[in-house]
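[1] Sequence and predicted structure below; questions after.
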Amino acid sequence: MDISFNINEDHNKLQRSELKKQLAKVSLGGGKARIEKHHAQGKLTARERINYLVDKGSEQIEIGAFAGQGMYKEHGGCPSGGVVVVIGYVQGRQCVIVANDATVKAGAWFPITAKKNLRAQEISIENKLPIIYLVDSAGVYLPMQEEIFPDKEHFGRIFRNNAVMSSMGIPQISAVMGSCVAGGAYLPIMSDEALIVDKTGSIFLAGSYLVKAAIGENVDNETLGGATTHCEISGVTDYKAKDDKDALDTIKKLLDKFGATPTAGFSRTKAILPKEKQNDIFGLLPKSRSDQYDMLEIIKRLVDNSEFEQYKEGYGKTILTGYARIDGWAVGIVANQRKVIKTKKGEMRFGGVIYSDSADKATRFIANCNQKKIPLVFLQDVTGFMVGSKSEHGGIIKDGAKMVNAVSNSVVPKFTVIIGNSYGAGNYAMCGKAYDPRLIVAWPSAELAVMSGNSAAKVLLQIETASLKKRGEKITAEKEAELFNKIKERYDNQISPYYAAARLWTDAIIDPLDTRKWISMGIEAANHAPIDKSFNMGVLQV
């Protein structure tokens, strides 16, 4: 191992350490003081509820831990979007669990909260997974109501999905463990079964103050919509629990009785750890996003027994395609090769760039995986498609369109891991968020943008300096350097994986060593949903 390996290793492990520090911070929700206040009310926190509910010692993955990070500063922030979403196991059955975090603005819904809840429901729908809602929310965050209330992807879509999911036969269980007011009251009651915790849980369309103002009636919240009212008078809820743990125990008992469901039939054998040392990933991945490296060496540290059967190995070499197993599951891998390639004709191909032959190879491979019912894994480190007259004359747009078409119409589940660059149309062709991956995650080394910070800053600098010169300002070399650094700093912040995760452009930022777990649990989830559509690419320019 050379010195560059050690430099890379130090850098990437520091990034992983920062990730763990950031995760520990967001896991505190609204902070220690609010957690203590929550406990004083006899309630568990959202994360404590989830940890009690899931099977002890079982794996779990958290969706959107960084949702809302750095957003809504004028409103005091919204850690994790005020809701915790986990895919985990309850009584051995894989489930989606959604728990409002009442330590964050009393669990009120911000715009990102709605987006995160909709993402949880999307995962449940796509994979036919049961979904459990642990409700403790004050409803819509009123100062931002116009950004959460009326549109198609806003608050009301949650309840529409409740109805659709029920008709699809996807089990939904809700436990009201705190406030559940106004429009939010529909969520538990549109679930298949609803529980409520005595004395701490309450459900009503309008609280006692609003009732007094609206119709002049004097009534306390417990009488209006407490557990006794809804379990013994209105019949709105199905089970009354004495405390949080009792409610969670009841959910476990309900899950224990669920019957078996059909599977998609994806191939799985006994899992084998990679033969190559997984920790080497930290030294193999360059510190600089512009440096070259061999993606094949990364793949060998992700797949079972480090075995990767390449498809069209000698053709279209800036994309690697091939078959492997991850934690026993058969997968088809499409990965950007990041080292410079020399063709038989003596041409040099830049790593991370998609050329016509690479796009053609990927398209055919994706079609093959769809024919054989093999889930697809995309490993992104892409700067985009090749440009220039030679590429344009060779039909790069046409070949790129074919690849995008194949990704768009793929019926097998897709999983995307952003390892490094994810720029421009390369993001699309390699199954970015817009192309419906079942899960999309980023390593701490990822960058998502139209182009790199350096390139974007140069373009934006030209526009800025031209504008200033038109106004008669003289641009010195020092002024130009100052402008460039200011623009690049702003842009670099926007291409950070944390910026993307805050907006749910990705489901998570993960430790590279957790990649196998995420893909394995993702395929297991997808295996609950039999494929009922055929792969068809439609009309193409040949």
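    Alright, I've got the coordinates.
[2] Phi first, then psi, for the most far-flung residue of the chain relative to its centre.
    Going by CA atoms, centre = their mean, the residue of the chain most distant from its centre is G472, 47.4 Å out. Main-chain dihedrals, G472, degrees, to the nearest 10: phi 90, psi 10.
[3] how close does it get to L460?
    21 Å (CB to CB, to the nearest Å). All C-beta atoms are positioned from the backbone trio N, CA, C, and that covers glycine.
[4] Also E347?
    For E347, the distance to L460 (CB to CB) stands at 32 Å.
[5] Looking at the two, which is more packed in?
    Using other CB atoms under 10 Å, the more surrounded residue of E347 and L460 is L460, with 17 against 10.
[6] ok so that one is a strand residue?
    No: L460: not assigned to a strand; according to DSSP: H, G, I helix; E, B strand; the rest coil it is helix.
[7] State the pLDDT value of it.
    L460 carries a pLDDT score of 77 in this model.
[8] What of the one 10 residues further on?
    What the model reports for K470 is a pLDDT of 83.
[9] any idea how far it is from A271?
    K470 is 63 Å from A271, where distance means CB to CB.
[10] what about the two, which has more around it?
    When K470 and A271 are compared for neighbours, A271 comes out ahead with 14 against 8, by other CB under 10 Å.
[11] Enumerate every residue touching the nearest residue to Y435 once chain neighbours are set aside.
    Excluding its sequence neighbours, the residue lying closest to Y435 (CB to CB, 6 or more residues apart in numbering) is V407, at 5.2 Å. By CB atoms under 8 Å, 6 or more residues apart in numbering, the contact set of V407 is 366, 414, 428-431, 435.
[12] at 10 Å instead, please
    334, 362-363, 366, 376, 378, 414, 416, 428-432, 434-437 (CB atoms under 10 Å, 6 or more residues apart in numbering).
[13] cool, T45 as well?
    27-30, 34-35, 38-39, 51, 84, 99, 101-103, 136, 244.
[14] Repeat that for I125.
    By CB under 10 Å, 6+ apart, the contact list for I125 reads 96, 131, 161, 164-165, 168, 170, 529.
[15] Would you agree it falls within a helix?
    Yes: the assignment for I125 by three-state DSSP puts it in a helix.
[16] how about the least confident helix or strand in the chain by mean pLDDT: buried residues?
    Least confident element among the helices and strands of the chain, by mean pLDDT, DSSP states H and E: helix 389-393 (a mean of 72). For helix 389-393, burial by neighbour count (16 or more other CB atoms under 10 Å) applies to S391.
[17] just to revisit the earlier point, just the buried ones from the contacts of I125, in PyMOL syntax?
    Here is the PyMOL command that selects only those of these that count as buried (16+ other CB under 10 Å):
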select buried, resi 96+131+161+165+170+529
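[18] For Y89, state which of the contacts of I125 is nearest.
    Checking the contacts of I125 against Y89 with CB to CB, the nearest one is V96 at 11.4 Å.
[19] quick one, phi psi at the closest one?
    When read as degrees, to the nearest 10, the backbone of V96 gives phi -100, psi 130.
[20] so how far is A182 from the spatially closest residue to Q41 that is not a sequence neighbour?
    Nearest non-adjacent residue to Q41, counting by CB to CB, 6+ apart: T200, 6.5 Å away. The gap separating T200 from A182 is 18 Å, by CB to CB.
[21] So which of the two has more stuff around it?
    Counted by other CB under 10 Å, T200 and A182 do not tie: T200 has more neighbours, with 20 against 17.
[22] That one: what's it in contact with?
    Taking CB under 10 Å, 6+ apart, we find T200 in contact with 41-43, 136, 176-179, 226-227, 241, 243-244, 247.
[23] N405 and I440, how far apart?
    20 Å.
[24] now I281
    Distance from I281 to I440, by CB to CB: 19 Å.
[25] now swap in F378 and tell me
    From F378 across to I440, the span is 9 Å (CB to CB).
[26] residues shared between the contacts of those two?
    With CB under 10 Å, 6+ apart as the test, F378 and I440 both reach 414-418, 431-432.
[27] That'll do, ta.
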